[in-house]
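Novice: Return atomic coordinates for the entry below.
(4 chains)
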There are 4 protein chains.
Amino acid sequence: MERIGGLLATHPQRPPDPALIEACAAACYEGAGLCVACSDACLGEAHVADLVCCIRTCLDCADVCLASARIVSRLTQPSPMLVEAQLMACAEACRICAAECERHAAMHDHCRVCADACRACEQACRALLHGASLA
Amino acid sequence: MERIGGLLATHPQRPPDPALIEACAAACYEGAGLCVACSDACLGEAHVADLVCCIRTCLDCADVCLASARIVSRLTQPSPMLVEAQLMACAEACRICAAECERHAAMHDHCRVCADACRACEQACRALLHGASLA
Amino acid sequence: MERIGGLLATHPQRPPDPALIEACAAACYEGAGLCVACSDACLGEAHVADLVCCIRTCLDCADVCLASARIVSRLTQPSPMLVEAQLMACAEACRICAAECERHAAMHDHCRVCADACRACEQACRALLHGASLA
Amino acid sequence: MERIGGLLATHPQRPPDPALIEACAAACYEGAGLCVACSDACLGEAHVADLVCCIRTCLDCADVCLASARIVSRLTQPSPMLVEAQLMACAEACRICAAECERHAAMHDHCRVCADACRACEQACRALLHGASLA
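Specialist: As a prediction, the model looks like this:
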């Protein structure tokens, strides 16, 4: 999602300090994409039965991250309470998914990469929740 | 989404009392679909400039409802904290979107229908959050 | 998706004969929801390793159906060529997913229900492609 | 989507030459994200009534690109005919959306950036369709 910052920079209702928003949107898209890919990589492993919980959690986390990415990257007349509620859900989903993927990280590199993306997304959501950029 | 209950009834990991889950999944899908359709109907109105906030809110609510619908309709090894966090976000998004659509309900029937669906979805999310079905 | 027809009936740019559009939108949403639920039910089966192809196909079909449902249910200034291209992809995805689910229908009721929904969605897409409602 | 290539590199069923697949997945995610952001930027413009068609087209293109991105980034037991059908729809959607955004590119920078992303996505879809990587 290299150009998302470039596009948001041209938005007619761009807030004065959009750095946290742009970082969060990019991290949520990254989390959504990597969780889809990790769930599929788990599905392709020989011992798929051992990875059922990881697949399920990645699918959920992908859905939460995607909704969050789309919402955060909209700058026109946002509803702060709606954004805040979804970011809290996203931080929680990423925390849970990272913990699950980390259990398999030594065995499966895709789980390690996915866990890193989830941790980064959790932090970006919390940074935006605690920052002033939503105001 | 007439058959979703029928499919969930055949799930190998169906919980003992799935009524609240099935109702919530159906209400979230309904909310997601109607918010997309209402945002488009608003976009097609002659006075679209008066409906910018409604379009934006419907698009956000559609994203939150869709993520919630998909997560709730998965019964295999759910993560209760992830489900709970997303349902709280969904109840909040639906409350906000219903309130916005109700402002235009006297003028636009699609906003009235959408507000009703959002209220029903909010209630279904809260019922599942407060029920025992997640355990 | 009981109210989608009700909402589309109030759309300011509703075409003169929206029956095929409304039926297609409802069938695509149904296909999307049931494919998500079937992929999860397959994931919860004891012999998940035998259902990897079915899970993968259902996940793909859910994505195609969802995109189609959202596009078809938008009535404001549609692009006929874009709609047609996506409906062709959706009919193909549903055909393939129905065939895969039917292989497991005798063993797993959720695959039977999902296959039925995919067949219905394929037919609704083809009916809209061949109808005049897009004009 | 910086890490998607990194994750796909660890996939247990990675094809021998995944370059076109990885490029297509990244371009589709980029197209999906930028079309959502452009539709919102258009919605925030003072003359939103002049941009109704652009908003509608971007919303459709975002849906098609997202479905395509998710499907292409799954490497486990893909269905070549399903992938091909969706990529054809995606190339068409991107072609149409790029043309629409280009009409506003001189006036609105976000339309220019979005059109560039759509053109890149169209090309990546066509490259994968014509390449041997699906086999």
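Novice: give me the number of residues near A:R126?
Specialist: A:R126: 17 surrounding residues under other CB atoms under 10 Å in any protein chain shown. Bear in mind the C-beta positions are built from the backbone N, C-alpha and C, glycine included.
Novice: ok, for it, nearest residue in space, not its chain neighbours?
Specialist: Nearest in space to A:R126, with sequence neighbours left out and distances taken as CB to CB, 6 or more residues apart in numbering or on different chains, is A:A91 at 5.3 Å.
Novice: How about the contacts made by that neighbour?
Specialist: By CB atoms under 8 Å, 6 or more residues apart in numbering or on different chains, the contact set of A:A91 is A:122, A:125-126, A:129.
Novice: Same check on A:D50?
Specialist: Contacts of A:D50 by CB under 8 Å, 6+ apart: none found.
Novice: got it, and A:H11?
Specialist: Counting by CB under 8 Å, 6+ apart, A:H11 has contacts A:75-76, D:37, D:40-41, D:44, D:110.
Novice: let's see 6 Å
Specialist: Contacts of A:H11 were listed using CB atoms under 6 Å, 6 or more residues apart in numbering or on different chains, and they are A:75, D:41.
Novice: Likewise for A:E100?
Specialist: So A:E100 contacts A:54, A:57 (CB under 6 Å, 6+ apart).
Novice: Please report how far it lies from chain C.
Specialist: According to CB to the nearest CB, to the nearest Å, A:E100 stands 14 Å off from chain C.
Novice: which secondary structure element contains that residue?
Specialist: Following DSSP states H and E, one finds A:E100 within helix A:80-102.
Novice: Now do the phi/psi pair for the residue most central in space within chain A.
Specialist: For chain A, A:C28 is the residue whose C-alpha lies nearest the centre (CA atoms, centre = their mean; 2.9 Å). When read as degrees, to the nearest 10, the backbone of A:C28 gives phi -70, psi -40.
Novice: Hmm, it is touching A:V64, no?
Specialist: No: the pair A:C28 / A:V64 is not scored as a contact, 8.7 Å apart, by CB atoms under 6 Å.
Novice: Poorly predicted segments of chain A, please.
Specialist: Per-residue confidence for chain A (pLDDT under 70) gives these ranges: A:132-135.
Novice: Find the residue closest to the residue lying farthest from the centre of it in space, skipping its chain neighbours.
Specialist: Of all residues in chain A, A:A46 has its C-alpha farthest from the mean position, at 27.4 Å, by CA atoms, centre = their mean. Closest residue to A:A46 apart from its sequence neighbours, by CB to CB, 6+ apart: D:P12 at 7.4 Å.
Novice: The one you found reaches A:E45, doesn't it?
Specialist: Yes: the criterion here is CB under 6 Å, and D:P12 meets it with A:E45 at 5.2 Å.
Novice: more crowded one of those two?
Specialist: Legend: neighbour count by other CB under 10 Å for D:P12 and A:E45, higher for A:E45 (23 against 17).
Novice: what sits against that one?
Specialist: So A:E45 contacts A:51, D:12 (CB under 6 Å, 6+ apart).
Novice: next one: the one 3 residues further on
Specialist: Contact partners of A:V48, counting by CB under 6 Å, 6+ apart, are C:48-49.
Novice: Residues of chain A that sit close to chain C?
Specialist: A:43, A:48-49, A:52 (CB under 6 Å from any CB of the partner chain).
Novice: Compute the inter-axis angle for the helix or strand hosting A:C111 and helix A:80-102.
Specialist: Counting by DSSP H and E, the element that carries A:C111 is helix A:109-130. Angle, helix A:109-130 to helix A:80-102, by axes from the mean of the first three to the mean of the last three CA atoms, to 10 degrees: 150 degrees.
Novice: Alright, I will stop here.
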